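*Asks:* No letters, just coordinates:
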């Protein structure tokens, strides 16, 4: 099958590709996204982290809320971690938010509040990989630096009809070599933004708009009628299934008992409902661990929440306590929260689902 994935690119190939990309951006590229307004290193960095594994339309309101509360690096570095995670709730992949906060603090502490201007130092910071560093350097600092995010991968793999899954080291090495060879010294910011835009708006996963693509004339996937076949998906593997109960513990003041997860691990740093094994007796756990006396128990339907590496079947259990005198004082690990206050906390998605969707407060208050 015809492919140039191993070929050395000619000067003509490179020049044609660069011109096609930059000219398309001038007439059709996106120029009014929130992070493109006043594109400093902080705003570019924040947008790149938010856009990992997440669509632009989903990110925009999160970005705007985040930058309203934390308009610059210094305000983010000085923030409370709970406030950072609360603004991140719903975006998922919460390690991104923890690394974001940690990196802001490191830059303020170690780099006088200024982003490093070289690739190696940027990559050394938590949560910043080679492509994110390249975006910061090119989009905010006007330096020449290649990027290989998910959109760029899809464009290059189709244009050059690359075989295999883009996550393998062999394919990724080819993609970085191609991106480095194609990235221009001049107009790098426009070029990189255009490559991401083409992948996001034209060369999409499904229903690619090839007729509007500036690369169609030389695209091998289009010529070979393999646009829907490439890039090849990640090999499927069956995910293990785990089980748990999440305890919805309510006192007579209609407050809910919340537990802060450890900083590392599942839902790290977020506030959650207490989690216990599926075969444990919820009332006994309440009495043994917190000296809570339960007067009402209700089991809600089991639902599944999937992670990248396993499925979790969750059984929510509502427990209404007998009296408030038995309740422990708040500390750093536990707190009582009213339903209206939940939006102020960083919550795991399944916890939000249980408390805000499955649980009917009016019905619960009548128990």
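*Replies:* Great, that's in hand. Note that this is a predicted model, so its numbers are computed, not measured.
*Asks:* and stretch 228-243, average pLDDT?
*Replies:* Model confidence over stretch 228-243, given as mean pLDDT, is 92.
*Asks:* Of all the residues in that stretch, which ones are buried?
*Replies:* Applying a neighbour-count criterion of 16 or more other C-beta atoms under 10 Å, one finds 230, 231 buried in stretch 228-243. (Each C-beta comes from the backbone N, C-alpha and C, glycine too.)
*Asks:* What ranges does this protein have for its strands?
*Replies:* Assigned by DSSP state E, the chain shows strands spanning 241-250, 255-260, 271-272, 275-276, 294-299, 303-306, 311-321, 334-338.
*Asks:* Burial check on the nearest residue to residue 119 once chain neighbours are set aside, number of neighbours?
*Replies:* With sequence-adjacent residues excluded and distances taken as C-beta to C-beta, 6 or more residues apart in numbering, residue 119 is closest to residue 133, at 5.4 Å. By the criterion of other C-beta atoms under 10 Å, residue 133 has 24 neighbours.
*Asks:* again, but for residue 95
*Replies:* 13.
*Asks:* Would you confirm that it contacts residue 103?
*Replies:* No - the pair residue 95 and residue 103 does not pass the contact test of C-beta atoms under 8 Å, sitting 11.9 Å apart.
*Asks:* what's the overlap in contacts for those two?
*Replies:* With contacts taken as C-beta atoms under 8 Å, 6 or more residues apart in numbering, the residues that reach both residue 95 and residue 103 are residue 127.
*Asks:* Leaving out sequence neighbours, find the closest residue to residue 345.
*Replies:* residue 271 (4.5 Å).
*Asks:* which stretches of the stretch 1-150 of the chain aren't confidently modelled?
*Replies:* Across the stretch 1-150 of the chain, residues meeting the criterion (pLDDT under 70) sit at 1-8.
*Asks:* where does residue 356 sit relative to residue 36, distance-wise?
*Replies:* Summarising the geometry, the distance separating residue 356 from residue 36, computed by C-beta to C-beta, to the nearest Å, is 33 Å.
*Asks:* do residue 236 as well
*Replies:* Using C-beta to C-beta, one obtains 36 Å as the distance from residue 236 to residue 36.
*Asks:* Over to residue 18?
*Replies:* If you go by C-beta to C-beta, the gap between residue 18 and residue 36 works out to 21 Å.
*Asks:* between those two, who's got more neighbours?
*Replies:* Neighbour comparison, residue 18 and residue 36: the larger count goes to residue 18, with 19 against 15 (by other C-beta under 10 Å).
*Asks:* Spatially, which residue comes closest to the more buried one, not counting chain neighbours?
*Replies:* Looking at residue 18 with C-beta to C-beta, 6+ apart, the closest residue is residue 184, at 4.7 Å.
*Asks:* What of residue 42?
*Replies:* Leaving aside its sequence neighbours, residue 42 sits nearest to residue 73 (C-beta to C-beta, 6+ apart; 4.9 Å).
*Asks:* Please apply the same query to residue 255.
*Replies:* Of all residues apart from its sequence neighbours, residue 336 sits closest to residue 255 (C-beta to C-beta, 6+ apart), at 4.0 Å.
*Asks:* wouldn't the residue nearest to residue 119 be in contact with residue 115 here?
*Replies:* No - the criterion here is C-beta under 8 Å, and residue 133 misses it with residue 115 at 9.8 Å.
*Asks:* quick one: common contacting residues for the two?
*Replies:* The overlap between the contact sets of residue 133 and residue 115 (C-beta under 8 Å, 6+ apart) consists of residue 122.
*Asks:* Could you pull up the contacting residues of residue 182?
*Replies:* Residue 182 touches 9, 14, 17, 18, 146, counting by C-beta under 8 Å, 6+ apart.
*Asks:* distance of the first one from residue 223?
*Replies:* For residue 9, the distance to residue 223 equals 17 Å [C-beta to C-beta].
*Asks:* Counting neighbours, what do you get for the spatially closest residue to residue 58 that is not a sequence neighbour?
*Replies:* Closest residue to residue 58 in three dimensions, ignoring its sequence neighbours and counting by C-beta to C-beta, 6+ apart: residue 91, at 7.5 Å. Each residue near residue 91 was counted by other C-beta under 10 Å, and the total is 19.
*Asks:* thought residue 91 was touching residue 49?
*Replies:* No - at 9.7 Å, residue 91 and residue 49 do not qualify as touching, with contact defined as C-beta under 8 Å.
*Asks:* And the chain, split by domain according to the record?
*Replies:* Residue ranges for the domains of the chain, per automatic domain parsing: 11-223, 241-365.
*Asks:* gap between the shortest one and the chain center?
*Replies:* Using C-alpha atoms, centre = their mean, to the nearest Å, we find the averaged C-alpha position of domain 241-365 to lie 24 Å away from the chain's own average C-alpha position.
*Asks:* The first one now?
*Replies:* Put simply, domain 11-223 sits 13 Å off its chain's centre (C-alpha atoms, centre = their mean).
*Asks:* so how far does it reach from one end to the other?
*Replies:* The first residue of domain 11-223 is 22 Å away from its last residue (C-alpha to C-alpha, to the nearest Å).
*Asks:* The domains of the chain into JSON lines, with extra columns for distance to residue 229?
*Replies:* Putting the domains of the chain into JSON lines (distance: least, C-beta to C-beta, whole Å) gives the following:
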{"stretch": "domain 11-223", "distance to residue 229": "8"}
{"stretch": "domain 241-365", "distance to residue 229": "24"}
